[in-house]
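Undergrad: I'll drop the sequence and a predicted model, then ask my questions.
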Amino acid sequence: MFQNIRKAVIPAAGFGTRMLPFTKAVPKELIPLVDKPVIQYVVEEAIASGLDDILLILSSGKEAVLEHFQAAPELETRLKETGKNELLAQISSIGKGAKISCVYQEELDGLGGAVKLAENFCNGEYFAVLLGDTILDSNGDVPVTGQLIEAYKQVGTPVVAVEAVPAANISSYGNVGGIWKSENIMQVDAMVEKPSPAEALSDLAVASRYVLSPEIFPLLHRTKRGKGNEIQLTDAIRELIPSGSLHACKINGRRYDLGSKAGFIAANIEFALRDAELSSSISKKLAASCPEIAAAISNMKE
Ligand code: UTP
């Protein structure tokens, strides 16, 4: 009998040093993808996956992340008065469908340290972890966290999301190896963090989403600071392997890491060009200054 998973933990406390100086005063989880902050996509994925109790892990100075999900009565009144009904509906629905609370990570001791703070919130239940700076676009299919929950219902253990990446890129990610139990579910027998291409166990990179059991908390309490002098979530998760209690789910979806400059810019171009109206107005604006880019965009549309 498997648990009905309802809780989501969204770590969003980190410094975001890769996006400095932008992130000096603005949380990186509020970086926009076209017109929505990245954390809104993440919360929407959690809600669409059936999770209705969400904990944001924040740090001092990142209060605006929680504020984004709170009511904005003055703004809503103004939108109503000015007849901007579509915008009003959009703004007033942000975060609806879940209870959203937060806890503050006082010492930024890594992703493992952030997840450890969710112990009381999880209250002995299975839960999902969604990194707050990364979008996983399932292109209309079941949201990626929902795919992990389905996998959990098949195997009854914690599950990490993985995606295939080119060999040259594997050293940027956590990497797993193991035995395939079905087309997309692997029983993990080894997990390494940021291997060189020669050390890689497979082409499968851990992809920012996890379903974990409360068993992770005692493991996190025991986990010493590792790489980067941080408590690594991967180090605690690896402890589940000897008992056969870890699976990986090869997801149907694409990862967009908005926490890196190249990832942020590439994702914005791609998502903007998906929008017919926006892509035509971008082409017009670029036509004068950058004719090569405008031509490339119009080729893409054909
Ligand atoms: P990253 O590994 O991207 O770290 O965190 P970071 O510090 O935010 O960013 P860089 O590498 O310095 O640019 C992945 C997710 O985990 C959260 C981050 O906010 C991000 O959403 N995180 C990271 C925490 O919540 N606490 C931490 O101590 C570290």
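TA: Alright, I've got the coordinates.

Undergrad: Next up, the contacts around whichever residue of the stretch 151-300 of the chain sits closest to the ligand.
TA: Nearest residue of the stretch 151-300 of the chain to the ligand, counting by Cβ to the nearest ligand atom: residue 259, 4.6 Å away. Any C-beta I mention is one placed from the backbone N, CA and C, and that applies to glycine too. Counting by Cβ atoms under 8 Å, 6 or more residues apart in numbering, residue 259 touches 16, 18, 19, 28, 31, 133, 134.

Undergrad: Of the residues you listed - the most surrounded one?
TA: In terms of neighbours by other Cβ atoms under 10 Å, the contacts of residue 259 top out with residue 133 at 28 neighbours.

Undergrad: and the stretch 1-150 of the chain, which residues reach the ligand?
TA: 11-18, 29, 57, 105, 108-111, 113-114, 131-133 (Cβ under 6 Å from any ligand atom).

Undergrad: Which PyMOL command selects the buried ones in the residues you listed?
TA: To isolate the buried members of these in PyMOL, using 16 or more other Cβ atoms under 10 Å:
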select buried, resi 11+12+13+14+16+18+29+57+105+109+110+111+113+114+131+132+133
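
Undergrad: From what I see, residue 282 and residue 275 are in contact.
TA: No: Residue 282 is beyond contact range of residue 275, at 9.2 Å (criterion: Cβ atoms under 8 Å).

Undergrad: what about residue 224, how many residues close to it?
TA: By the measure other Cβ under 10 Å, the count of residues near residue 224 is 8.

Undergrad: check contacts around the residue located most distally from the centre of the chain.
TA: Within the chain, the residue lying farthest from the chain centre (Cα atoms, centre = their mean) is residue 288, at 37.1 Å. For residue 288, the contact set (Cβ under 8 Å, 6+ apart) is empty.

Undergrad: In three-state terms, how would it be classified?
TA: For residue 288, the assignment made with DSSP: H, G, I helix; E, B strand; the rest coil gives helix.

Undergrad: So, low pLDDT: which residues of the stretch 151-300 of the chain?
TA: Residue ranges of the stretch 151-300 of the chain with pLDDT under 70: 294, 297, 300.

Undergrad: near the ligand, which residues of it?
TA: residue 259.

Undergrad: which residues of the stretch 151-300 of the chain fall in strands?
TA: Listed from the start of the chain, the stretch 151-300 of the chain has strands (DSSP state E, counting those that start in this stretch) covering 159-164, 174-180, 185-193, 204-212, 247-250, 254-257.

Undergrad: The ones you listed into TSV, with extra columns for distance to residue 84 and mean neighbour count?
TA: Below are these laid out as TSV (distance: least, Cβ to Cβ, whole Å; neighbours: other Cβ atoms under 10 Å):
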stretch	distance to residue 84	mean neighbour count
strand 159-164	37	24
strand 174-180	44	18
strand 185-193	46	19
strand 204-212	34	25
strand 247-250	41	24
strand 254-257	29	20
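
Undergrad: where do the strands sit along the stretch 1-150 of the chain?
TA: Under DSSP E, counting those that start in this stretch, the stretch 1-150 of the chain gives strands at 7-11, 32-33, 36-37, 53-58, 99-104, 127-130, 134-137.

Undergrad: Now do the first one: which elements does it pack against?
TA: For strand 7-11, the packing partners by 3 or more Cβ pairs under 8 Å, 6 or more residues apart in numbering; DSSP states H and E come out as helix 38-48, strand 53-58, helix 111-116, helix 119-122, strand 127-130.

Undergrad: swap in the fourth one?
TA: Using 3+ Cβ pairs under 8 Å, 6+ apart as the contact criterion, the secondary-structure elements in contact with strand 53-58 are strand 7-11, helix 38-48, helix 63-67, strand 99-104.

Undergrad: Mind putting these into CSV with mean pLDDT?
TA: Formatted as CSV, these follow (pLDDT from 0 to 100):
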stretch, mean pLDDT
strand 7-11, 98
helix 38-48, 98
helix 63-67, 96
strand 99-104, 97
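
Undergrad: winner for burial among those?
TA: Burial of the helices and strands packed on strand 53-58 is given as mean neighbour count (mean count of other Cβ atoms under 10 Å); strand 7-11 ranks first at a mean of 25.
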